[in-house]
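*Asks:* need a 3D model of the following:
(2 chains)
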Amino acid sequence: MTENSTPYLQNGAVTATNADEPLVRVEHLGKSFGDHIVLKDIDFSVRQGDVTCIIGPSGSGKSTLLRCINLFEQPTSGRILFHGENVTAARKANLLRRRVGMVFQSFNLFNNLNVLHNCTLGPRKVLKLKRAEAEALALKYLRVVGMDAFVNAKPRQLSGGQKQRVAIARALCMNPEVLLFDEPTSALDPEMVGEVLATMKTLAEQGLTMLVVTHEMGFARDVANHVVFMDGGVIVEEGSPEQMFTSPRQERTKAFLSRS
Amino acid sequence: MLEILREYYSDILLGVGYTMLVAVIGTLAGLLIGILIGVYRTIPNPKNKVALVFKKAGDYLLSAYVEVFRGTPMMVQAMVIFWGFALLNDGKTLDVTVSGLVIVSVNTGAYMAEIVRGGIISIDKGQFEGAHALGLTHAQTMFNVVLPQAMRNILPSVSNEFVINIKDTSVLNVIGFTELFFVAKDIVTQTYKTFQTYLLVAMVYFVLTFGISMILRLVERKMDGGKNYKILGSQNPDAETFAREVKHD
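*Replies:* Down below sits the predicted model:
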C-alpha cells in the first residue's frame, strides 16, 4: 500500500453547490412490491466522508433502501437527492450510477473477463478513458486492495474474499463519490470476512464516503461514524456507534443488539 | 460402391461443396438473425408510451416470424418462397443457390432466436447488475458482458443446428438445388445402384456432421480457456513490468 495518502475522490466536491448540502439525501422514501410494503417514509442523509452502517434483521428493508439509492429499485414514493438534485427519475439512472458505486454480496464480477478487464470495462466504456489510462487506474486500485498480482486471473479462479476485493477495486476505478456495500461479507467464511473488512477499513480511513448494509457489528462499531438501525421498513433509531451500541434508546434496538 | 465413388467423385464433391456452403452460411446468417432478435426481445420495456407501442409491435412481429418458420416444414417453405418469388416476377425464378441460402438462413434464424434468448436469460441477473452499477447502458452490458457468456453457453445448441442444417439441406432438392442428395438421385438414375449410392452418400453425410461436431467441440474448449493463470512475480510491479506481464486477451 504505497499510495495511502492519495485521495480517492478527486472530483468529490466539484458539483457540491452548497457545503451544507448532504451528498445523498433520502426524503419520505417509500417502496412496495405490489401489496408488500418494504420501506415506509424513510428519511436520512449521507454527508461527504461519512461511513454509515445500516444494520437490522433480515427483511427489514436495508438492501432495498440501498438499491433505491442507485435506482436499482424505483421508489414508489418520496425523493432521492444527490448533491441536492432530485435524481429519482429513472432515466437519469446511468448518470447517477457512474458516480455512486456498488459492491454486492454475490460479487457480480464479469465471468467472461479477467481481473484487469473487470476493472477497466467501466472506465473505458463509461468514462471513455484510453486503454492505457484505464489499465493504470485499475492497477492502482488493485494494489490498494492487494489484488494486483492477479490481473490475469478469471473470477472463477479466485476465492470469495479475493473476488470481493476485486469487486471493490472495480467500483473504485469509477472514482465514485459514495460507495454502497450490500452485505459485502455475508457470502464469505470468517477469514475472508477479515480480509474484506480490512480493505474496507482502509478505504474508510482514506475518507471514502461509504454506505454499508452489514451484519458485522464489530465493523459498524469500529469503523462507522453513523449507525442506522432498521426494522419493518422504517428507521427505528440512528446515531453514533458509541450511542447505538452502549445506550440504545429504543427497546427494539436493544433486543436486536443484545443478540449479536 | 467404390466404382461409384471413382466415377462420380467430382459430382459428389460438388454436392458436398454446395451442401456445406448452404449449411455454413445458413447457420452463421441464422445465428446473426437469432442474436439480433434475441437481443431485441430482451431489451427492457421503455418508459415512453410511444416507444413502448413500437417495442411491443416489434415483439409481436418477431414472435410471428419465429412461430411460422418453426411451425412449417423447411421443404414447404422452400417451395413457397421459390415459386412465390417466381409468381411475383412474371415467372422469373430466383437463382437456386441464392434461394437455398435465403431459405436455410431464415429458417435457422427462427430457431436461433429462441436459442439466443434462452442463452441470454440463463445469464445470472448479477452480471447485469454488476455492469449497470458501473453506469453501463443496456447495450454496453449486452455486448461486453452478457452476450460473450451467452454465446459460450449456447454453443452446443448452435452446433446442433449446424449438424441439422448439413442434413436438412437435402430438402432443397425440391427446388433443384444441386446439393449432395440431389447429386445422389442423379447418380441413381444413371447407375440404377440405388442402395450402394445412398449408403455411400449416408457415409459422406456422417463424415461431414461428425467432423463439424469435433471442430465445434474444440472451439468450446478453446473458449473455456486454460485452468492456469500467471500470478505476477512482484506484488508491486512498476508500470513497465506490468505492461510486459499483463496478457492482452
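
*Asks:* can you give me the strands in the stretch 151-260 of chain A?
*Replies:* For the stretch 151-260 of chain A, the strands defined by DSSP state E, counting those that start in this stretch occupy A:178-182, A:210-213, A:226-231, A:234-239.

*Asks:* of those strands, give the one that comes closest to chain B.
*Replies:* Set against chain B and scored by CB to the nearest CB, those come closest in strand A:178-182, at 8.4 Å. C-beta coordinates here come from the backbone N, C-alpha and C atoms, glycine included.

*Asks:* so what does that closest one touch, helix or strand wise?
*Replies:* helix A:62-69, strand A:100-103, helix A:160-172, strand A:210-213 (3 or more CB pairs under 8 Å, 6 or more residues apart in numbering or on different chains; DSSP states H and E).

*Asks:* quick one: which of these is nearest chain B?
*Replies:* Smallest distance to chain B across the helices and strands packed on strand A:178-182 (CB to the nearest CB): 4.0 Å, for strand A:100-103.

*Asks:* could you list the low-pLDDT ranges of chain B?
*Replies:* B:233-249 (pLDDT under 70).

*Asks:* now do the same contact list for the nearest residue to residue B:42 once chain neighbours are set aside.
*Replies:* Computed as CB to CB, 6 or more residues apart in numbering or on different chains, the closest residue to residue B:42 that is not its neighbour in sequence is residue B:120, at 5.0 Å. Going by CB atoms under 8 Å, 6 or more residues apart in numbering or on different chains, residue B:120 touches B:38, B:39, B:42, B:142, B:146, B:147, B:150.

*Asks:* look at residue A:174 and report its pLDDT.
*Replies:* pLDDT, residue A:174: 96.

*Asks:* correct me, but it touches residue A:101?
*Replies:* Yes - Residue A:174 is within contact range of residue A:101, at 5.8 Å (criterion: CB atoms under 8 Å).

*Asks:* ok, longest helix in chain B?
*Replies:* The helix that spans the most residues within chain B, counting by DSSP state H, is helix B:2-41.

*Asks:* please report the distance of the residue positioned nearest the centre of chain B from chain A.
*Replies:* Closest to where the C-alpha atoms of chain B average out (CA atoms, centre = their mean) is residue B:27, at 2.8 Å. Remark: distance between residue B:27 and chain A (CB to the nearest CB, to the nearest Å) = 23 Å.

*Asks:* just to revisit the earlier point, need the helices and strands packed on strand A:178-182 in a markdown table (columns: distance to residue A:32 and mean neighbour count).
*Replies:* As requested, the helices and strands packed on strand A:178-182 are exported to a markdown table (distance: least, CB to CB, whole Å; neighbours: other CB atoms under 10 Å in any protein chain shown):
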| stretch | distance to residue A:32 | mean neighbour count |
| --- | --- | --- |
| helix A:62-69 | 10 | 22 |
| strand A:100-103 | 22 | 26 |
| helix A:160-172 | 29 | 25 |
| strand A:210-213 | 19 | 26 |
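
*Asks:* okay, those in TSV with distance to residue B:197 next?
*Replies:* Output for the helices and strands packed on strand A:178-182, formatted as TSV (distance: least, CB to CB, whole Å):
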stretch	distance to residue B:197
helix A:62-69	66
strand A:100-103	66
helix A:160-172	60
strand A:210-213	72
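
*Asks:* what about residue A:81, how many residues close to it?
*Replies:* 17 (other CB atoms under 10 Å in any protein chain shown).

*Asks:* give me the element the closest residue to it other than its chain neighbours is part of.
*Replies:* The spatially closest residue to residue A:81, leaving aside those adjacent along the chain, is residue A:25, at 4.2 Å (CB to CB, 6+ apart). In this assignment (DSSP states H and E), residue A:25 forms part of strand A:24-33.

*Asks:* which other helices and strands does that strand contact?
*Replies:* Using 3+ CB pairs under 8 Å, 6+ apart, the elements in contact with strand A:24-33 are strand A:36-46, helix A:62-69, strand A:77-82.

*Asks:* all helices for chain B, in order.
*Replies:* Counting by DSSP H, one finds helices in chain B at the ranges B:2-41, B:49-71, B:74-88, B:96-121, B:125-133, B:138-141, B:147-168, B:180-191, B:194-224, B:239-245.

*Asks:* identify each buried residue in the fourth one, please.
*Replies:* What it means is helix B:96-121. By neighbour count with 16 or more other CB atoms under 10 Å in any protein chain shown, helix B:96-121 contains the buried residues B:96, B:99-117, B:119-120.

*Asks:* neighbours of the nearest residue to residue B:137 once chain neighbours are set aside, just the number please.
*Replies:* Spatial nearest neighbour of residue B:137, excluding adjacent residues (CB to CB, 6+ apart): residue A:94 at 6.1 Å. Using other CB under 10 Å, residue A:94 is surrounded by 17 other residues.

*Asks:* wait, what's in contact with residue A:94?
*Replies:* Applying CB under 8 Å, 6+ apart to residue A:94 gives the contacts B:135, B:136, B:137.

*Asks:* residues near the first one, how many?
*Replies:* Number of residues near residue B:135 (other CB under 10 Å) recorded here: 23.

*Asks:* pretty sure it contacts residue A:95?
*Replies:* Yes - look at residue B:135 against residue A:95 with CB under 8 Å: they come within range, at 7.4 Å.

*Asks:* mind listing the shared neighbours of the two?
*Replies:* Among the neighbours of residue B:135, none is also in contact with residue A:95 (CB under 8 Å, 6+ apart).

*Asks:* returning to that earlier point: now mean pLDDT and distance to residue B:215 too, for the helices and strands packed on strand A:24-33, in TSV please.
*Replies:* Below are the helices and strands packed on strand A:24-33 laid out as TSV (pLDDT from 0 to 100; distance: least, CB to CB, whole Å):
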stretch	mean pLDDT	distance to residue B:215
strand A:36-46	94	52
helix A:62-69	95	45
strand A:77-82	94	52
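
*Asks:* closest to residue B:160 out of those?
*Replies:* helix A:62-69 (38.9 Å; CB to CB).

*Asks:* which strands and helices sit next to that closest one?
*Replies:* Applying 3+ CB pairs under 8 Å, 6+ apart, we find helix A:62-69 packed against strand A:24-33, strand A:36-46, strand A:51-55, strand A:178-182, strand A:210-213.

*Asks:* wait, residue B:130 touches residue A:110, no?
*Replies:* Yes - using CB under 8 Å, residue B:130 makes contact with residue A:110 at a distance of 6.4 Å.

*Asks:* which one's more surrounded, the two?
*Replies:* Using other CB under 10 Å as the criterion, residue B:130 and residue A:110 rank with residue B:130 on top: 28 against 23.

*Asks:* dump the residue contacts of the nearest residue to the more buried one once chain neighbours are set aside.
*Replies:* Excluding the flanking residues, the one nearest residue B:130 by CB to CB, 6+ apart is residue A:108, at 3.3 Å. Each residue near residue A:108 by CB under 8 Å, 6+ apart is listed here: A:167, B:124, B:126, B:127, B:129, B:130, B:133.

*Asks:* next one: residue A:71
*Replies:* A:80, A:87, A:88, A:90, A:92, A:93, A:96, A:97.

*Asks:* CSV for those, including neighbour count and secondary structure?
*Replies:* Shown next, in CSV, are those (neighbours: other CB atoms under 10 Å in any protein chain shown; DSSP: H, G, I helix; E, B strand; the rest coil):
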residue, neighbour count, secondary structure
A:80, 21, strand
A:87, 20, coil
A:88, 20, coil
A:90, 12, helix
A:92, 14, helix
A:93, 19, helix
A:96, 19, helix
A:97, 23, helix
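
*Asks:* now for these, which pair is the farthest apart?
*Replies:* The most widely separated members of those, counting by CB to CB, are A:88 and A:97 (13.7 Å).

*Asks:* need the contacts of residue B:120 in CSV with neighbour count, can you?
*Replies:* Listed next are those as CSV, based on neighbours: other CB atoms under 10 Å in any protein chain shown:
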residue, neighbour count
B:38, 25
B:39, 20
B:42, 17
B:142, 22
B:146, 23
B:147, 20
B:150, 26
